[in-house]
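In: got a structure for you, letters missing:
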């Protein structure tokens with residue numbers, strides 16, 4: 001009996017250990033990665049089969065397209081697929097117009113093709129969203145099929161059509177598999193990250209009011225979280241889960257969280273020392289900290305509206321007293337405290353609207369939401385495009401005047417590298433990896 005009990009105990013411990021490993025986040029991530037790899041491989045083989053079945057000459061283009069456009073979420077895969085298709089069609093059309101027209105004038109043909117590639121590069125540097133991928137592909141495609149086609153310009157149209165067909169097949173297969181076979185939606189990632197960011201913002205304000213030392217990394221983490229949310233929000237319209245009003249809510253919540261970063265700094269600068277805090281302000285700060293640290297609404301003993309009203313009353317009290325520096329600082333502090341309470345309250349409502357796809361007309365009418373405003377540096381983009389133009393055109397001139405038999409391939413690869421890596425601050429490491437990968441591929 002004791003032997004059986006000992007065996008049973010060992011069996012239960014082993015089973016419990018196995019279940020803990022199965023439920024661990026690391027193993028779950030491995031399972032998601034394995035599922036993503038299997039779905040992508042299935043889509044690639046389906047694209048390869050279709051390309052061979054209809055007699056296309058280069059089915060490898062369809063396979064490569066599947067692996068390029070496939071992403072871990074449905075919306076990211078669909079958006080990347082659409083941008084790649086649009087860029088390929090535009091780039092192929094431009095190549096069909098340029099090469100046959102200027103093929104008898106090699107230098108001018110090189111200038112026109114190089115100009116088109118660098119113009120697309122310039123636009124891709126200005127459009128600082130995922131839509132820039134369409135402009136990258138417009139230049140990439142022109143370089144990939146334009147330069148090798150100068151030896152036989154009569155086939156340029158067939159090559160362009162063939163490439164568009166292959167890419168359409170790859171895009172269709174990738175979209176089909178990732179959309180309908182155990183789809184992973186990005187809306188869940190966005191909602192989880194948003195909830196985590198709001199929780200961090202509340203705790204950050206609570207730490208500020210408690211007088212804890214400032215950690216610059218905390219503000220940086222909050223800013224990086226906002227940037228991450230902005231990055232994945234571009235793919236949400238392709239998730240087929242959220243509606244147009246939610247897009248406005250996402251913009252509005254970004255505006256308020258960005259403002260909250262500034263308000264937190266203002267509160268920290270104006271926070272009185274513990275000895276200088278009046279009794280009524282100390283009680284208010286205690287209640288606000290309790291409201292901030294209780295995330296569950298049912299656990300909160302005081303509402304945001306009550307805290308807001310008390311803060312406004314203190315602001316009016318300090319502002320009405322004999323104007324001294326201390327009273328002015330206290331009035332400014334309570335004014336920013338009121339703003340922080342309002343911002344957090346609005347963020348909670350907007351977060352609920354985002355999660356449940358609800359309209360929030362009352363908040364939308366307060367102020368038009370701008371969302372994340374991208375900075376466009378035209379001078380930097382033009383300088384980068386001019387550098388790429390000089391490099392590609394120099395390669396074309398060396399190819400023309402040296403009569404290099406494989407010069408078209410070299411210049412084509414040069415154009416591809418410029419379109420893919422010119423946006424990086426330090427493109428050299430990426431170029432080395434690209435070259436090493438190409439060598440291993442061949």
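Out: Cool, the structure landed. The structure displayed is predicted, hence computed values, not measured ones.

In: Which helix or strand contains the closest residue to residue 268 other than its chain neighbours?
Out: Excluding the flanking residues, the one nearest residue 268 by Cβ to Cβ, 6 or more residues apart in numbering is residue 208, at 5.0 Å. C-betas here are computed from N, CA, C, even on glycine. Under the criterion DSSP states H and E, the helix or strand holding residue 208 is helix 186-209.

In: repeat for residue 81
Out: Taking DSSP H and E as the definition, residue 81 sits inside helix 74-102.

In: average pLDDT across that helix?
Out: On average, the pLDDT along helix 74-102 is 91.

In: just how off-centre is it within its chain?
Out: Put simply, helix 74-102 sits 22 Å off its chain's centre (Cα atoms, centre = their mean, to the nearest Å).

In: what pLDDT, on average, does the helix or strand that that helix is followed by get?
Out: Counting by DSSP H and E, the next helix or strand C-terminal to helix 74-102 is helix 106-126. Mean pLDDT, helix 106-126: 94.

In: I'd like to know which elements helix 106-126 is packed against.
Out: Judged by 3 or more Cβ pairs under 8 Å, 6 or more residues apart in numbering; DSSP states H and E, helix 106-126 is in contact with helix 74-102, helix 132-146, helix 378-402, helix 407-421.

In: Assign residue 129 to helix, strand or coil.
Out: Counting by DSSP: H, G, I helix; E, B strand; the rest coil, the backbone at residue 129 sits in coil.

In: actually residue 184, sorry about that
Out: Following three-state DSSP, the label given to residue 184 is coil.

In: Around it, count how many other residues there are.
Out: Residue 184: 18 surrounding residues under other Cβ atoms under 10 Å.

In: Does it touch residue 75 like I think?
Out: No: using Cβ atoms under 8 Å, residue 184 makes no contact with residue 75, being 9.4 Å away.

In: Quick one: list the elements packing against the helix holding residue 81.
Out: Secondary elements touching helix 74-102 (3+ Cβ pairs under 8 Å, 6+ apart): helix 59-69, helix 106-126, helix 132-146, helix 156-180, helix 186-209.

In: now it against helix 106-126, angle please.
Out: 160 degrees (axes from the mean of the first three to the mean of the last three Cα atoms, to 10 degrees).

In: Buried ones in helix 74-102, by neighbour count?
Out: Neighbour counts using 16 or more other Cβ atoms under 10 Å place 74-92, 94-96, 98-100, 102 of helix 74-102 among the buried residues.

In: Same question for stretch 387-397.
Out: The neighbour-count check on stretch 387-397 (16+ other Cβ under 10 Å) flags 388-389, 391-393, 395-396 as buried.

In: do stretch 37-45 as well
Out: In stretch 37-45, counting by 16+ other Cβ under 10 Å, buried: 39-40, 42-44.

In: chain center to that stretch: distance?
Out: For stretch 37-45, the separation from the chain centroid amounts to 24 Å (computed by Cα atoms, centre = their mean).

In: which residues touch that stretch?
Out: 62-63, 66-67, 70, 170, 173-174, 176-178, 181-182 (Cβ atoms under 8 Å, 6 or more residues apart in numbering).

In: The spatially closest residue to residue 381 that is not a sequence neighbour - how many residues pack around it?
Out: Nearest non-adjacent residue to residue 381, counting by Cβ to Cβ, 6+ apart: residue 125, 3.8 Å away. The number of residues packed near residue 125 is 22, by other Cβ under 10 Å.

In: contacting residues around residue 58?
Out: 51, 162-163, 166.
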